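Asks: Can you look at this prediction? I've put the sequence above it.
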Amino acid sequence: MDRNILRACREDPRRTSTDIQVSVTSPNEPAPSRRTIRRRLQVAGLHGRRPVKKPLVSLKNRKARVKWAKQHLSWGPREYAPQYQCPTVKHGGGSVMVWGCFSDTSMGSLKRIVGTMYRYVYEDILENTMRPWARANLGRSWVFQQDNDPKHTSGHVAN
């Protein structure tokens, strides 16, 4: 029965559990429930209509990363200098959360985050760390970039 369920799903991935139930039921065997069919598909790595595995990085972000990498192919030892790197602790051993900013000409200071970083902490960092550094080092023409973390995109921080 399991093989028939999987075969029916692989033949047509758009089939619903009801369609699969009808196609695998024979007169001398009891019909599997739709829930059983969905469980068997999930165990096999098929979740109804599509595989359960999803890429770790979305297509949009993969394209953005490739674009960024192509734009920075000319980076040399200056941009990857040891003073801008720090060794990591592998396999546990503690962690420290920091916020930092940089430009093509200089690096801003690191701000240590104690506890959880939420929108009010982030707003304070932008106002008291990033903005003064940007005014002193970048002049009037610069672009501020960040990821789509909820604390970065909250209406409170945007205002």
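Replies: Received the coordinates, thanks.
Asks: all contacts plus neighbour counts: C-alpha atoms, from now on.
Replies: Noted.
Asks: contacting residues for residue 65?
Replies: If you count contacts by Cα atoms under 8 Å, 6 or more residues apart in numbering, residue 65 has none.
Asks: State the distance from it to residue 139.
Replies: 27 Å (Cα to Cα, to the nearest Å).
Asks: Could you do residue 80 as well?
Replies: Counting by Cα to Cα, the gap from residue 80 to residue 139 is 25 Å.
Asks: what's the answer for residue 101, then?
Replies: Counting by Cα to Cα - residue 101 and residue 139 are separated by 15 Å.
Asks: Which of the two has more residues huddled nearby?
Replies: The neighbour comparison of residue 101 against residue 139 (other Cα atoms under 10 Å) goes to residue 101, with 17 against 9.
Asks: ok, now how distant is residue 15 from residue 40?
Replies: Between residue 15 and residue 40 the distance is 14 Å, computed by Cα to Cα.
Asks: got it, and residue 88?
Replies: Counting by Cα to Cα - residue 88 and residue 40 are separated by 42 Å.
Asks: Looking at those two, which is more packed in?
Replies: Taking other Cα under 10 Å, residue 88 and residue 40 do not tie; residue 40 has more neighbours (19 against 8).
Asks: so that one sits in a helix?
Replies: Yes. Assignment of residue 40 by DSSP: H, G, I helix; E, B strand; the rest coil places it within a helix.
Asks: correct me, but it touches residue 4?
Replies: No. Counting by Cα atoms under 8 Å, residue 40 does not reach residue 4; the two are 10.8 Å apart.
Asks: Got the domain ranges for this protein?
Replies: As given by automatic domain parsing, the domain ranges for the chain are 2-51, 96-159.
Asks: so how far is the first residue of the longest one from its last?
Replies: Put plainly, it is domain 96-159. 29 Å.
Asks: can you list the residues that contact stretch 130-145?
Replies: The contact list for stretch 130-145 (Cα under 8 Å, 6+ apart) reads 101, 103, 106, 108.
Asks: now the end-to-end length of that stretch.
Replies: 12 Å.
Asks: List the buried residues for that stretch?
Replies: For stretch 130-145, burial by neighbour count (16 or more other Cα atoms under 10 Å) applies to 130, 133, 134, 138.
Asks: Okay then, goodbye and thanks.
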